[in-house]
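*Asks:* I'd like to go over a predicted model; first the sequence, then the structure.
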Amino acid sequence: MTTVHPIEAESYRRMRGTVDLAGLPPLSRAVTERVVHASADVDYAGDLVLDEDALQRGLAALDAGRPVVVDVAMVAAGITAVATSCGLGAAEPPPGQTRSAAGIRAAVAQAGPGGVYVVGCAPTALFALLEADADPALVVGLPVGFVGAVEAKQALRDSGLPAVSNRGPKGGSAVAAAALNALLYAGGRR
């Protein structure tokens, strides 16, 4: 077990003095705290959309060694406790599509069912994932931006897939990685 650095411990102590998340179920609390800690943005406490059963399913998939697929290398850089795969590097998008969408489609084909998907950058990657036949154990859908991010996250929630999302345009690679890391740390990985 890795010892938590004193700076991180102090950061958590101060955060818990700012926002009370004690009423949340264990994994929802862990994800919310990790996202707030990573972003220093307590507004996430009211913006995240979490489902404890979905988080349990994601944790079980991680424990079973299912693939973790990310949309961009920046998300992968924030996830150090498990290997990730990213299809972006080899993506050749057809005209009119983004590399992120092509990359997630390629990754879905390689990962197979039951994977954990972490989208922290491109709304088009999240839309592409929803159109694919991925059968994910969990989708961390936290892309960022003013064009398509809110709509992609709403589409994720409307899909009924097990998911973590938020309602606003905020998100990003660090936030998405933090959400996944919360589950990894809850499962004993650091």
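*Replies:* Happy to help now that I have it.

*Asks:* and the gap between D20 and A40?
*Replies:* Separation of D20 from A40 (C-beta to C-beta, to the nearest Å): 17 Å. C-betas here are computed from N, CA, C, even on glycine.

*Asks:* what's the helix or strand harbouring S28 packed up against?
*Replies:* Counting by DSSP states H and E, the element that carries S28 is helix 26-39. In terms of contacts (3 or more C-beta pairs under 8 Å, 6 or more residues apart in numbering; DSSP states H and E), helix 26-39 is packed against helix 6-18, helix 44-47, strand 48-49, helix 52-63, helix 173-186.

*Asks:* winner for burial among these?
*Replies:* Among the helices and strands packed on helix 26-39, the stretch with the highest mean neighbour count (mean count of other C-beta atoms under 10 Å) is helix 173-186, at a mean of 24.

*Asks:* give me the contacts around that helix.
*Replies:* Applying C-beta atoms under 8 Å, 6 or more residues apart in numbering, the set of residues contacting helix 173-186 from outside is 26-27, 30-31, 33-35, 37-39, 44, 55, 58-59, 62, 68, 70, 72, 74-75, 77-79, 81-82, 116, 118-121, 138, 140, 142-144, 164, 190.

*Asks:* format the helices and strands packed on helix 26-39 as a markdown table; extra columns: distance to C86.
*Replies:* Supplementary listing: the helices and strands packed on helix 26-39 in a markdown table, determined by distance: least, C-beta to C-beta, whole Å:
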| stretch | distance to C86 |
| --- | --- |
| helix 6-18 | 26 |
| helix 44-47 | 24 |
| strand 48-49 | 24 |
| helix 52-63 | 17 |
| helix 173-186 | 11 |
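
*Asks:* one step back: okay, buried residues for the helix holding S28 please.
*Replies:* Applying a neighbour-count criterion of 16 or more other C-beta atoms under 10 Å, the buried positions in helix 26-39 are 27-39.

*Asks:* cool, and stretch 71-82?
*Replies:* For stretch 71-82, a neighbour-count test (16+ other C-beta under 10 Å) marks 71-72, 74-76, 78-79, 81-82 as buried.

*Asks:* good, wrapping up.
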